[in-house]
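[1] Sequence and predicted structure below; questions after.
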Amino acid sequence: MDRSDLIIVRRKPGSSKSAGLLQVDSAVYPCILGRNGITSRKREGDRATPGGEFPVLGGFFRRDRLGFLANRFGLNILKPTDGWCDEPSHPVYNRPIKLPFSASHEEMFRGDGLYDFVLVLDWNFRRRARFRGSAIFMHLIDQKPYTAGCIAIDRKAMLKLLPRIKPQTRIRVLL
C-alpha cells in the first residue's frame, strides 16, 4: 500500500469530540465523527467512531440523484429495498439486507441525502462479533454536528475523494 491509498481521520484539535479532520495526501477536509468522539472500545449504540485502520470494502450511491457515477471502485446503485441490519442478536447482524425486514435496521435509500454516497468500512464486518457495532460507513454530512459512529464529509469533499478510492484504500482513524 502506498501513501495515496491511506486516508487519515483524526479529531480536530480544540474542538468538540465529534469534529474531525480527514486527510488524503496533503489535502485536509473537515469531517464529522460520532457524537462521543473516537473510541478503542466500540459497542453497538455507543455513538462513537471506532479507532483503528479499516479497508474500504465497497459502497453505494443514489443513481436517481447523481446519475451515472464513474469510479474505480465500482460503487453499487442503491435501491429502495436496500437496508443494513443493526440488530446484534440477528444472524445477519452488520450485513446488507433487503427490505422489508423485521429486525432493527438502517434504511439505506434515505430521503435526507445522508447516504447519497456511502463507503462501507471493514469495522466488525469480515470478523464480526455481536454488539461490537454495525453500519460503520463514510457518508455525507446532514444537519447534525455528529454521527451515530460513522465518518461524514460534505458532498464536495466526497466527490474529490471518490476517484481516489480503490480496493487497497484504507481508512486510519487515530485515537
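    That came in fine, so what should we check first?

[2] pretty sure residue 93 contacts residue 104?
    No - proximity of residue 93 to residue 104 does not meet the contact threshold set by C-beta atoms under 8 Å, at 9.5 Å. The C-beta positions use only the backbone N, C-alpha and C, and glycine is treated the same way.

[3] Common neighbours of the two, please.
    85, 86, 87 (C-beta atoms under 8 Å, 6 or more residues apart in numbering).

[4] Bridged to the first one, which residues?
    Beta-bridge pairing for residue 85 (DSSP bridges): residue 105.

[5] Tell me the confidence at it?
    Residue 85 carries a pLDDT value of 98.

[6] Surely it is in contact with residue 103?
    Yes - Residue 85 lies in contact with residue 103 (C-beta under 8 Å); the separation is 6.1 Å.

[7] okay, the two: which has more neighbours?
    Set residue 85 next to residue 103 and count neighbours by other C-beta atoms under 10 Å: residue 85 wins out with 20 against 15.

[8] Between residue 93 and residue 104, point out the one with more neighbours.
    residue 93 (21 against 14).

[9] which residues does the nearest residue to the more buried one once chain neighbours are set aside contact?
    Excluding the flanking residues, the one nearest residue 93 by C-beta to C-beta, 6 or more residues apart in numbering is residue 85, at 5.5 Å. For residue 85, the contact set (C-beta under 8 Å, 6+ apart) comprises 92, 93, 94, 95, 96, 97, 101, 103, 104, 105, 134.

[10] Widest-spaced pair of those residues?
    96 and 104 (14.4 Å; C-beta to C-beta).

[11] and the contacts of residue 85, which are buried?
    93, 94, 95, 96, 97, 101, 105, 134 (16 or more other C-beta atoms under 10 Å).

[12] For residue 75, see how far away the residue nearest to residue 93 is.
    20 Å (C-beta to C-beta, to the nearest Å).

[13] Please apply the same query to residue 83.
    17 Å.

[14] Residue 53 too?
    21 Å.

[15] Same check on residue 125?
    17 Å.

[16] Likewise for residue 41?
    For residue 41, the distance to residue 75 - C-beta to C-beta - is 31 Å.

[17] what do you get for residue 131?
    Relative to residue 75, and taking C-beta to C-beta, residue 131 is found at 29 Å.
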